[in-house]
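J.: Sequence first, predicted model second:
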Amino acid sequence: VIVALVVGDQRGIEQPDWDVFNRTGVSHLVAISGLHITMVAGLAALAMSWLWRRSFFTGAQLPLLLPAQKVAALSGALAALVYVLLAGFGVPAQRTLYMLAVVATALWMGRATNVSHILCLALGLVVLLDPWAVLWPGLWLSFGAVGVILYVGLGRIGGAARGWRAALRLAARTQYAVTLGLVPLTLLLFAQVSLVGPLANAIAIPVVSFVVTPLALVGSLLPAPLAAPVLWSAHLALASLAGLLDWLAALPLAVWSAPAPPVPLFALALLGTAWMLAPRGWPHRWAGAAAWLPLFLLQPSQPQPGSFTVTAFDVGQGMALLVETAGHRLLYDTGPQYAPGQDAGSRILLPYLRARGIRRLDTLVVSHSDLDHVGGALTLLAALPVDRVSSSLGEGHRVVKAAKQHTRCSSGQRWEWDGVLFEMLQPTTASYQDAGLKANARSCTLRVSAQGRAILLAADIEAAQEALPAIRAVLAG
């Protein structure tokens, strides 16, 4: 995490840590965020202003040649540019850079600036330079959060907060506004909202922004003998914070999940949110919460009794299909593993299931042991309740050990859900005794049928298995 805060490289953060950050709503802090860039730019501007006013102790009277305010603005903007380039030029970093650049330009030219104009200009520049940015959640969350802060605070703060009590009230109101303001957008993008997020952010923002990040930056600039105690202090502060976040993430009600809302319900929720966050004196602000009810009462769609639907996922090489009946769901295979800690389960399947509001699976069928079919199984088993796993895997396989209940696939198995028939056609019981068979030859082959329609899920069976009477009859029919 310290490496991510200093140079923007997040590859060292493992998936379980990301899960904790997501459940507690602090993922935005585990990177070079807008707050960190602004802090670096402010420190650079402050240092250059101080040195320029003193003419670098040369007696050259530099402020008579160029005002110190302009030098400070230019220095802050340049420091922000260098830091953003170091961070990989992500959307939140771009937003901060462009806003700082507009402010610096206005100050340099002696023009007054409007905060909303700065935000809109920054958004226009981001989309102009990178049109594909509109597909990234970070664009909407970053600009949405700043927009909410402006909507709630612009013209109502009454000047800078004086004293620690006023500063604390302002911080609490800002956190409250951002938490409420981003609920509809978070549900639309991720189909879940962190309920412990306000508490986690109230603690994590000061610790990361004012303790961990400054220590990490200073430690990265110091020579080796001096850097060790500084970086170790940053590590201790971060480790203590991580322990608290682990505890919050493990709470039963840490996250609220719901299906991703359709556009009309999302627009209604946005209207209600704007009503709730309106200025004091606005009539019945509490009534805006009623516009949220459809979001939390939305139920996942499902087929009619006697019918089924099949969703095929684009996982690259491999396979993953979701079979749904009126009251049950079966996932056939889980796609590949792309890299350590990255698989189709975490990248594709879980986001889809959460967006649909699907919180459990009745059966997970893992056809065979090839990595492009079993790659996401462990991730799914860790993230979702799965009543039963059916596979051709050996008893010592990690997926079998992680399953709540495991059944070995075998021809002749059949069951019915909501008027839909499921038949396991392959492998035969005897095939498990043949050590010479490849994993493909033991692929669990499932036929799903209802109302004269059927689908055959055959994984990677080969010609010998296709010639089996039960499968040949299905293929011929």
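T.: Cool, got the structure. Numbers count the residues shown, from 1 in each chain.

J.: Phi and psi next, for residue 328.
T.: Residue 328 has phi and psi values of phi -140, psi 160 when expressed as degrees, to the nearest 10.

J.: That one: neighbour count?
T.: Residue 328: 18 surrounding residues under other C-beta atoms under 10 Å. For the C-beta atoms, the positions are set from N, CA and C on the backbone; glycine is no exception.

J.: which ones are touching it?
T.: Contacts for residue 328 (C-beta atoms under 8 Å, 6 or more residues apart in numbering) come out as 362, 363, 417, 418.

J.: Identify the farthest-apart pair in these.
T.: Spatial extent of the contacts of residue 328 (C-beta to C-beta) is set by the pair 363 and 418 at 13.4 Å.

J.: Look at these two and report which has more neighbours.
T.: The neighbour comparison of residue 363 against residue 418 (other C-beta under 10 Å) goes to residue 363, with 21 against 17.

J.: Out of the contacts of residue 328, which is nearest to residue 407?
T.: Taking the contacts of residue 328 together and measuring to residue 407 by C-beta to C-beta, the closest member is residue 363, at 8.8 Å.

J.: Is the closest one in a helix, a strand, or coil?
T.: What DSSP: H, G, I helix; E, B strand; the rest coil gives for residue 363 is strand.

J.: same deal with residue 252?
T.: Here residue 252 is recorded as coil under three-state DSSP.

J.: shift numbering so it begins at 43
T.: Sure, I'll start counting at 43 from here, so that last one is residue 294.

J.: Counting neighbours, what do you get for it?
T.: 5.

J.: now swap in the one 4 residues further on and tell me
T.: Residues contacting residue 298 under the criterion other C-beta under 10 Å number 15.

J.: which stretches of the stretch 343-492 of the chain form helices?
T.: Applying DSSP state H, counting those that start in this stretch to the stretch 343-492 of the chain gives helices spanning 386, 392-398, 413-416, 419-425, 440-444.

J.: any idea which of those is most buried?
T.: Stretch with highest mean neighbour count among the helices of the stretch 343-492 of the chain: helix 386 (a mean of 28; mean count of other C-beta atoms under 10 Å).

J.: was I right about residue 272 contacting residue 256?
T.: No: using C-beta atoms under 8 Å, residue 272 makes no contact with residue 256, being 9.5 Å away.

J.: Quick check: the gap between residue 54 and residue 363.
T.: Per C-beta to C-beta, to the nearest Å, residue 54 is found 34 Å from residue 363.

J.: more neighbours, these two?
T.: Between residue 54 and residue 363, counted using other C-beta under 10 Å, the more crowded position is residue 363 (19 against 10).

J.: give me the beta-bridge partners of residue 381?
T.: Taking DSSP bridges as the rule, residue 381 bridges to residue 384.

J.: And for it, the neighbour number?
T.: The local packing of residue 381 (other C-beta under 10 Å) involves 7 other residues.

J.: helix, strand or coil for the residue lying farthest from the centre of the chain?
T.: What lies farthest from the middle of the chain is residue 101; by C-alpha atoms, centre = their mean that is 53.6 Å. Here residue 101 is coil, with the state taken from three-state DSSP.

J.: Let's see the pLDDT reported for it.
T.: Residue 101 carries a pLDDT value of 83.

J.: So residue 508 sits against residue 514, correct?
T.: Yes: with contact defined as C-beta under 8 Å, residue 508 and residue 514 form a contacting pair (6.9 Å).

J.: With adjacent residues omitted, what lies nearest to residue 324?
T.: Nearest residue to residue 324, sequence neighbours excluded (C-beta to C-beta, 6 or more residues apart in numbering): residue 317, at 7.3 Å.

J.: How about residue 130?
T.: In space, residue 130 is closest to residue 50, 4.7 Å off (C-beta to C-beta, 6+ apart).
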